[in-house]
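# Can you look at this prediction? I've put the sequence above it.
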Amino acid sequence: MFRMLHRALRSARLRVPARRLASGIAELPPTAREALGTEVTAGEAIAYNRARVVTATALALYRDEYKLPISDDVLDDAVRALDFPYSAPSWETRASIRAALAVLEADFTIIVIR
């Protein structure tokens, strides 16, 4: 239902506000500073924090039965809906989410049980 409404609104170029994903918010691991210590470089912190957001977002999308291909708008909405502090969708984040989602889809041993 939401996807049909979302498509109808998108054709008129209206944005649907980010909604909570049905699977909810995944528990995040500690931040880069907490996990890697205070000696972590800026690059390492960015990579670590992006990976934790990407993993949680890909899992939430997979649990909600989203499949590839998936539009940038859906990915941006998913990242925003999860309300991770300082998390902003970027092309790197979207590419990483797609890669993680592809891995989840490709592994037949991973199933969603409701």
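Cool, got the structure.
# got any ranges where the chain has weak pLDDT?
Applying pLDDT under 70 to the chain picks out residues 1-28, 85, 114.
# Tell me where it has helices.
In the chain, the helices defined using DSSP state H lie at 2-11, 32-36, 42-63, 72-81, 91-106.
# List the buried residues for the third one?
Across helix 42-63, burial judged by 16 or more other Cβ atoms under 10 Å covers 48-50, 52-63. From N, CA and C alone the C-beta is placed, and that goes for glycine too.
# just the fourth one next, same as before
Buried positions in helix 72-81, judged by neighbour count with 16+ other Cβ under 10 Å: V74, L75, D76, D77, A78, V79, R80, A81.
# for the second one, same thing?
Within helix 32-36, the residues scored as buried using 16+ other Cβ under 10 Å are A32.
# Against which helices or strands is it packed?
Helix 32-36 is packed against helix 42-63, with contacts defined by 3 or more Cβ pairs under 8 Å, 6 or more residues apart in numbering; DSSP states H and E.
# Tell me the gap between the helix it packs on and the middle of its chain.
Computed by Cα atoms, centre = their mean, to the nearest Å, the chain-centroid distance of helix 42-63 equals 7 Å.
# what helices or strands is that helix leaning on?
Using 3+ Cβ pairs under 8 Å, 6+ apart: helix 42-63 touches helix 32-36, helix 72-81, helix 91-106.
# Make a markdown table out of those and add distance to E44.
What follows is the helices and strands packed on helix 42-63, written out as a markdown table (distance: least, Cβ to Cβ, whole Å):
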| stretch | distance to E44 |
| --- | --- |
| helix 32-36 | 6 |
| helix 72-81 | 21 |
| helix 91-106 | 15 |
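# tell me the contacts of S87?
Shown in contact with S87 (Cβ atoms under 8 Å, 6 or more residues apart in numbering): V53, V79, R80.
# Out of these, flag the one nearest to R98.
Taking Cβ to Cβ as the measure, R98 lies nearest V79 of these, at 12.4 Å.
# Fine by me, thanks again.
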